[in-house]
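> Prediction below, plus the sequence it came from.
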Amino acid sequence: MHQATLTQVRDKLRKKEISSVELTKAFFKRIEAVDSKVGAYLHLIEDEALEQAKSADRKIKSGEDAPLLGVPLAIKDLICMQGVKTTCASRILENFVAPYDATVMKKLKEAGAVILGKVNMDEFAMGSSNENSAFHLARNPWNFDHVAGGSSGGSAAAVAAQECVASLGSDTGGSIRQPAAFCGVTGLKPTYGRVSRFGLVAFASSLDQIGPITRTVEDSALMLNVISGHDPMDSTSAEVEVPDFVGGLERDLKGLTVGIPKEYFADGLDAEVEKAVRAGIQQLQSLGMKTVEVSLPHTEHAVATYYILACAEASTNLSRYDGVRFGNRSEESDSLFNMYTNTREEGFGEEVKRRILLGTFVLSSGYYDAYYLKGQKVRTLIKQDFDRAFEVCDVIAGPVSPVPAFKIGEKMEDPLQMYLSDIYTISANLAGLPGLSIPCGQSSGKLPIGLQLLAKTFDEATLLAVGHGYQQATDHHTRFPEL
Ligand code: GLN
């Protein structure tokens, strides 16, 4: 059952072929057996999970039903769950216990899910490798010398290493899609505004979005059904209709058009990744889809734009960690000012500090117009590139990452190299678009490769239908690493 999809697990539970308690215990056993090597989990919530599982079993027995009833999940450790630590993989929040449930947590609980624990990430979701976790690494289950990806490295590694059925991550610039690609699982970043961010610890509020990491597109659709919808607690969550994403999966793909951005197949793209992605696009063609070349001419400015805007927003969002209201406080200070600075000096890691400095700089008087304001303007140009491209296609296909999972330590000394590896994922966040990452092959080093599909805002239905069609015709998503 460790390898079963969410849909299969749910059916088995409903038919009472397995109980949620048995399943939950089996996952904790699995975690005990492999997680010292993988490092996906930051903390387990065993007692509560077993209580949730018992309650699910009681409900199933009495004929009740709910979309995730009895299904064991893992949650990225920046989503608040009442009474449980939410550390954001940061020293500063090491002892922070969430006083309330995030809206997505509330929805998962109402849907009957069993929460196994909170999973690893880059500190405050800043990173592309999970190496910025203040606590420990999450390794790639396909090869422990390689990174799991980031920032939702724990969420992706836990699904790939069969330590949960599915998980939630968050995506500000690729943090769901890239680790999903590196670990050979399916990751969905919904449209900005599709899912409430209430109770998600903020990194860059105009870009952050919560989404599922799963074994299949069908499972992603199921999770999206549960977590979507307007929330009065998050004014950026959109008041748009939520279709039944599972019900829309079997749509005929004939007549749909895939756009292939020429800028996504340029210098810097690894040859094996290109080959696998192009084969993926061919597969879409053989399902009856047409292809058309499109151009996203401002792609070359995406990395700079993202890192200016994301850092600006992070620098203001993280100002709340001052030793007074949230998290840890430095013990050794002789004045209020020193208490602030010592707390932040001790509590934040290198990358977080770098971004606070960058963000403060680009927002400061005299530089605001040159960097932040200009960044906002380029963001509009990037959005307009997509508007134009989507006039001639229904989805856009390309790579998720220019390379498969890189070696641990390989990019840590050079932040710019790390930032550049986000080239294909960050534009979707800047433009607010939904994006899907699905396995489409393996490198010669046996590391998974991901195919990225993007769609118009709030058109996850088309995105998921195309991804599902692809997975019905291929078996890349059915492979598991041997641990
Ligand atoms: N890798 C990107 C960054 O470091 C994206 C992170 C994310 O999506 N949270 O900011």
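All right, it came through fine. Numbering: from 1, shown residues only.

> CA only for contacts and neighbour counts going forward, please
Noted.

> what's the burial count for residue 86?
27 (other C-alpha atoms under 10 Å).

> what's the answer for residue 232, then?
12.

> Also residue 205?
Residue 205 has 17 neighbours, counted by other C-alpha under 10 Å.

> Quick check: the gap between the residue lying closest to residue 12 once chain neighbours are set aside and residue 424.
Spatial nearest neighbour of residue 12, excluding adjacent residues (C-alpha to C-alpha, 6 or more residues apart in numbering): residue 18 at 6.0 Å. Separation of residue 18 from residue 424 (C-alpha to C-alpha, to the nearest Å): 41 Å.

> Compare the two (neighbour count), which wins?
residue 424 (22 against 16).

> Go ahead and confirm the more buried one touches residue 399.
Yes. Using C-alpha atoms under 8 Å, residue 424 is in contact with residue 399, at 6.8 Å.

> Next, show the common contact partners of these two.
residue 264 (C-alpha atoms under 8 Å, 6 or more residues apart in numbering).

> where does the stretch 351-483 of the chain come near the ligand, residue by residue?
Proximity of the stretch 351-483 of the chain to the ligand, by C-alpha under 6 Å from any ligand atom, involves residues residue 422.

> quick one, strands of the stretch 351-483 of the chain?
395-399, 435-442, 448-455 (DSSP state E, counting those that start in this stretch).

> Could you measure from residue 375 over to the ligand?
Separation of residue 375 from the ligand (C-alpha to the nearest ligand atom, to the nearest Å): 15 Å.

> excluding its backbone neighbours, what's nearest that residue?
That would be residue 305: by C-alpha to C-alpha, 6+ apart, it lies 5.0 Å from residue 375.

> got it, and residue 132?
Residue 132 sits nearest to residue 122 (C-alpha to C-alpha, 6+ apart), 4.5 Å away.

> State the phi and psi torsions of residue 169.
Dihedral pair for residue 169: phi -130, psi -170, per degrees, to the nearest 10.

> was I right about it contacting residue 73?
No. The pair residue 169 / residue 73 is not scored as a contact, 11.3 Å apart, by C-alpha under 8 Å.

> give me every residue that touches the nearest residue to residue 228 once chain neighbours are set aside.
Residue nearest to residue 228 in three dimensions, not counting chain neighbours: residue 195, with 4.6 Å by C-alpha to C-alpha, 6+ apart. With contact set as C-alpha under 8 Å, 6+ apart, residue 195 has these partners: 104, 209-211, 227-230, 237.

> ok so residue 267 is a helix residue?
No. Secondary structure of residue 267, determined by DSSP: H, G, I helix; E, B strand; the rest coil: coil, with no helix assignment.

> tell me the residue furthest from the middle of the protein?
Distance to the chain centre peaks in the chain at residue 334, reaching 41.2 Å (criterion: C-alpha atoms, centre = their mean).

> so where do the strands sit in this structure?
41-44, 72-76, 114-119, 139-140, 143-147, 166-170, 186-189, 210-214, 257-261, 290-294, 395-399, 435-442, 448-455 (DSSP state E).

> Which strands or helices does the third one pack on?
In this structure, strand 114-119 makes packing contacts with helix 20-38, strand 41-44, helix 46-61, strand 72-76, helix 153-160, judged by 3 or more C-alpha pairs under 8 Å, 6 or more residues apart in numbering; DSSP states H and E.

> For the ligand, which of those is the nearest?
helix 153-160 (10.4 Å; C-alpha to the nearest ligand atom).
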